[in-house]
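> A predicted structure for the sequence below; I have some questions about it.
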Amino acid sequence: MSRDTASQQTKRESSVSPSFWLGLLAVLIVACSVVNVGQGRAIGILSGITVLALIVTRTPLRRLSRLLPLVSFSIFCFLLLLIVPIDPDMETVQLPYWGKRIPLQGSWFLLALVVKSTLIVLLSTAFAEPLSQRDLLAGLTGLGLPPKLVSLCYLIVKGVHSLAAEISRLVRARDARGRPRGLRAAKVAAAMAQVLMIRLGRRAETQAFALCARGYAGRLALSQWRYISVLEVTALGVCMVALTWLTLL
């Protein structure tokens, strides 16, 4: 073993385990899910933690494009609120600069959904930036989760990259034949979805046969990994207590 290899291995063994980062991410996601949007201090602290995580992990700004589906969904839900019939005894809120009244309960629900989903997506993006697929497998294994659950989560994450590549190939093939418009565009999109499902099914079947041929027995083999340490478990416990206290303020 060379000196550089030994140095890298020593650094890897002395660094924080992937299990700790995954555990911390899980704790933060739970905190973002249960926090009350009306608690300005709690939302502010969680937002600060999210921004700090994005800065520390040096997440590229292009990763923020993952919020686009959430933005589209939020706009769609807001448009639905505008056309919801309002009863005389229903609590409403008036939109500023517009005068339009919308249901108060629906607006709070939409606000909570947008804020919490945004924080969860950004936190997941920031924590996923420094972790490779192998780190994900090692982290889930180190947390002591059931082997089949670990394998399923790993294969799902690994399949997301294949799904994105497959969609990109289908879109390029569609554009090469001329981008359709109108009703034809809807028919082409439906056909693309059908082809995508068939290809994904075949790929999953091939992947299952390959795993069985290599002796898969419910656990993915992994070398040089370790369980989460006592110190890291203690740190997670402190974070859990602090975030629980924060969300209950």
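Yes, it's here. Given the structure is predicted, the values throughout are model-derived calculations rather than measurements. Numbers count the residues shown, from 1 in each chain.
> what kind of secondary structure is Val93 in?
Assigned state for Val93: strand (three-state reduction, DSSP: H, G, I helix; E, B strand; the rest coil).
> helix, strand or coil for the most far-flung residue of the chain relative to its centre?
Computed with C-alpha atoms, centre = their mean, the residue of the chain farthest from its C-alpha average is Pro88, at 40.5 Å. Judged by three-state DSSP, the three-state class of Pro88 is coil.
> roughly how far does it sit from Arg101?
For Pro88, the distance to Arg101 (C-beta to C-beta, to the nearest Å) stands at 12 Å. C-beta: built from backbone N, CA, C; applies to glycine.
> over to Arg202?
Counting by C-beta to C-beta, the gap from Arg202 to Arg101 is 52 Å.
> and if you look at Ser132?
Distance, Ser132 to Arg101, by C-beta to C-beta: 50 Å.
> how about Leu200?
To Arg101, Leu200 is 45 Å away according to C-beta to C-beta.
> and the strands in the chain?
With strands called from DSSP state E, the chain shows them at 92-94, 101-103.
> who are the packing partners of the last one?
Okay, so that is strand 101-103. Contact here means 3 or more C-beta pairs under 8 Å, 6 or more residues apart in numbering; DSSP states H and E; on that basis strand 101-103 packs against helix 68-83, strand 92-94.
> try 6 Å this time
Here strand 101-103 touches strand 92-94, going by 3 or more C-beta pairs under 6 Å, 6 or more residues apart in numbering; DSSP states H and E.
> so what secondary structure elements neighbour the strand it packs on?
strand 101-103, helix 104-128.
> any chance you could list what contacts the last one?
It stands for helix 104-128. In this structure, residues lying in contact with helix 104-128 by C-beta atoms under 6 Å, 6 or more residues apart in numbering are 21, 25, 28-29, 32, 37, 46, 50, 53-54, 57, 59, 63, 66, 70, 74, 77, 81, 91-93.
> thinking again about what came up before, could you dump the helices and strands packed on strand 92-94 into JSON lines with mean pLDDT and distance to Gln207 added?
Shown next, in JSON lines, are these (pLDDT from 0 to 100; distance: least, C-beta to C-beta, whole Å):
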{"stretch": "strand 101-103", "mean pLDDT": "84", "distance to Gln207": "47"}
{"stretch": "helix 104-128", "mean pLDDT": "90", "distance to Gln207": "22"}
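> so which of these gets nearest Leu163?
helix 104-128 (15.8 Å; C-beta to C-beta).
> can you list the domains in the protein?
What automatic domain parsing lists as the domains of the chain is 1-144+227-249, 145-223.
> pick the most deeply packed of the ones you listed.
Across those, averaging neighbours per residue (mean count of other C-beta atoms under 10 Å) puts domain 1-144+227-249 on top, at a mean of 14.
> so what's the gap between it and the chain middle?
8 Å (C-alpha atoms, centre = their mean, to the nearest Å).
> now Ala190: how far from Leu183?
With distances taken as C-beta to C-beta, Ala190 is found 11 Å from Leu183.
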